[in-house]
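S.K.: just need the structure, nothing else, for what follows:
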Amino acid sequence: MVYTGRPSAGCASCRKSKKRCDQQVPACGRCVRLGKECGGYRDVSDLMFRDESHSVSRRLNTSTEAGPSSGRPSPPKRSSPDNETRARSFFFEHFVAPSYLSSLEGLELDGFLLQPVLACALHVIAQRQGGNPMGLETARKRYVDAIHRTNLALRSPKTAKQDSSLIAVLLLSTFERLAWDSSMARENWSQHVQGLALILQLRGRDQLETKLGADLFRDIQSDMIVNALHNETAVPAYIVEWSQFLDADEAHLPIDQIMLIASSIALIRQSFRIRDKVDDELLAIANDLEFNLQKWAETTSSNPMFAYRSVQDASGDHAFAGVRHEYGSPQAFRYWNLWRVLQILLSRLQEALWRRSWPVLASPELPIPQPDHFRSIRNRMVNEICITTCSVFGNDNAAQPPAGSVASGQVLLNPLTTAGTCLLESLAEITISPEGGRLILLDRPYHLDPYNQTSTQLAWVIQKVDYLAEKVGIRAARSFSEWLRGEDSEYFDLGRS
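M.R.: A predicted model of the protein is given here:
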């Protein structure tokens, strides 16, 4: 990607300690909590997109052939017209769907946007061919060429604001999300999402007045929220503000409402991390958000476009545990799954607050929840995520992916992984950190016990994640699968994740 992040935006103390800084004013939350003097922040207003195409070329080079020695990327090898046509068709058949990148439907491809489109399509095609080295190399060269072209466009304030520039950066970010295969990959993707946020800010609120501008805003906003939820940071205030100016039509109102709730949950996760509010205040906010989630579910269930029903189907190819979901529209499952993930994250935060401060929080009006209350919420959400995944992709892990498979896979990967963490919570031994956090160590396979129902369900989740990696062609899914299998030997914080 072309955005190099904000390498030194934090305060002097956080930079020296190599800690994440929330950049609050007049002093950051970490310095306030530790009683340190906060030295303020450096001026990063001159942060620019830089031409990183040569370093990206080296980083992504998967062949034994040496890369070019100059800073300019070598032009991509010319694909045959037939291969190029097939790749274009593949992109619009599998990447663009009502649930993902819907803003690109009917997009006219000029020479500028063709390169990132071909890079994404050729990469997935190569992955579906078992990681075909020649195909991956061709996709990589298209990607590097697209970076160079995009950098040229972003150097001009005029062209940087154009729809085509924003679409190009969105596609390059999509490529990165598809292709990551290292522990730093999510951090890199987070920086690219920040780059998209800067371009949105540069374009201003007027972009929402056109259909394409509003659709692009929604596509990018969802990535920003996923990033904020994971990093326990707030969604930029202007994104939250602008989202309230989107047209409130029937097709988008439930989407915009759940995104606002998600932004609020990202904010409370930040507050929990930096402790800028006392626990009884945090719990009151969390309980209000729980009410808002339930209200969203009730309202959305009466909207024919977004409602779904559970159908008993004991032997169906698209049923999980004898149940399948039928949704009112193709995009509805994405936002119900977001709702389920938010329920999981919020229940973990509420449980952590009760465990940390129950003597202060408990009262006759607010009794201590039953021991299994929060876990039962998570168990229900896990089952519904599994049912929805099966409704989309079916049970046959050898089947050829259906139309819209990359779009569906991209929006199912995070809910599936979150569901996997809930199952691991029931299987792994919980330890208490010095700070009081509840941790599980993922250093062994917990999915291999055929006599344990939770273990077999985790195995099912991992098989679906593997399907996304091997059949759908989302290379990033492989990293999530390895993590769920316990191959990375990492601790997972049940109160923070």
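
S.K.: quickly note the distance from the residue nearest to the spatial centre of the chain to residue 321.
M.R.: With distances taken as CA atoms, centre = their mean, the chain has residue 226 as the residue nearest its mean C-alpha position (4.2 Å). According to CB to CB, to the nearest Å, residue 226 stands 27 Å off from residue 321. Heads up, the C-betas are built off the backbone N, CA and C, glycines and all.

S.K.: equivalent analysis for residue 272, please.
M.R.: Distance of residue 272 to residue 321, computed by CB to CB: 33 Å.

S.K.: the more surrounded of these two?
M.R.: The neighbour count for residue 272 versus residue 321, taken as other CB atoms under 10 Å, is higher for residue 272 (22 against 12).

S.K.: need the three-state assignment for residue 297.
M.R.: Remark: residue 297 carries the secondary structure label helix [criterion: DSSP: H, G, I helix; E, B strand; the rest coil].

S.K.: surely it and residue 340 touch.
M.R.: No - because the distance of 9.9 Å does not satisfy CB atoms under 8 Å, residue 297 is recorded as not touching residue 340.

S.K.: more neighbours, the two?
M.R.: Under the criterion of other CB under 10 Å, the comparison of residue 297 against residue 340 puts residue 340 first, with 24 against 15.

S.K.: excluding chain neighbours, what is closest to the more buried one?
M.R.: Excluding the flanking residues, the one nearest residue 340 by CB to CB, 6 or more residues apart in numbering is residue 381, at 4.2 Å.

S.K.: quick one: mean pLDDT over the host helix or strand of the residue nearest to the centre of the chain.
M.R.: Here residue 226 is covered by helix 211-231, with elements defined by DSSP states H and E. When pLDDT is averaged along helix 211-231, the result is 94.

S.K.: cool, stretch 173-188 as well?
M.R.: For stretch 173-188, the per-residue pLDDT values average out at 76.

S.K.: for the stretch 151-300 of the chain, which segments count as helices?
M.R.: In chain order, the stretch 151-300 of the chain shows helices spanning 157-160, 163-179, 185-203, 211-231, 237-243, 253-274, 279-301, with DSSP state H, counting those that start in this stretch as the criterion.

S.K.: how's this structure carved up into domains?
M.R.: The chain resolves into domains spanning 1-47, 48-231 when parsed by automatic domain parsing.

S.K.: if you average pLDDT over each of those domains, which is lowest?
M.R.: It's domain 1-47: among those, that one has the lowest mean pLDDT, namely a mean of 58.

S.K.: for the longest helix anywhere in the chain, buried residues please.
M.R.: Looking only at the chain and at elements set by DSSP state H, the helix with the highest residue count is helix 332-361. Using 16 or more other CB atoms under 10 Å as the burial criterion, the residues of helix 332-361 that qualify are 332-354, 356, 361.

S.K.: one more: stretch 366-385?
M.R.: Buried residues in stretch 366-385, counting neighbours by 16+ other CB under 10 Å, are found at 374, 375, 377, 378, 379, 381, 382, 383, 384, 385.

S.K.: could those residues be laid out in TSV, adding pLDDT and distance to residue 399?
M.R.: As requested, the buried residues of stretch 366-385 are exported to TSV (pLDDT from 0 to 100; distance: CB to CB, whole Å):
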residue	pLDDT	distance to residue 399
374	96	36
375	96	33
377	98	32
378	98	29
379	98	28
381	99	26
382	99	23
383	98	22
384	98	22
385	99	20
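
S.K.: what is the nearest of the residues you listed to residue 155?
M.R.: residue 385 (43.1 Å; CB to CB).

S.K.: okay, and that closest one sits in which element?
M.R.: Element membership of residue 385, judged by DSSP H and E, is helix 373-393.

S.K.: which residues touch residue 339?
M.R.: With contacts taken as CB atoms under 8 Å, 6 or more residues apart in numbering, residue 339 has the following neighbours: 258, 293, 296, 297.

S.K.: neighbour-wise, which of those residues leads?
M.R.: Of all those, the most densely surrounded is residue 258 (24 neighbours; neighbours counted as other CB under 10 Å).

S.K.: for it, which non-adjacent residue is closest in space?
M.R.: That would be residue 335: by CB to CB, 6+ apart, it lies 5.4 Å from residue 258.

S.K.: just confirm the one you found contacts residue 257, I think it does.
M.R.: No - the pair residue 335 / residue 257 is not scored as a contact, 9.3 Å apart, by CB under 8 Å.

S.K.: what is the nearest of the buried residues of stretch 366-385 to residue 154?
M.R.: Out of these, the one with the shortest distance to residue 154 is residue 385. That distance is 37.6 Å, counting by CB to CB.

S.K.: residue contacts, that closest one?
M.R.: For residue 385, the contacting residues are 337, 340, 341, 415, 416, 418, 419, taking CB under 8 Å, 6+ apart as the criterion.

S.K.: spit out the contact partners of residue 178.
M.R.: Shown in contact with residue 178 (CB under 8 Å, 6+ apart): 120, 123, 124, 406, 410, 473, 474, 475, 476.
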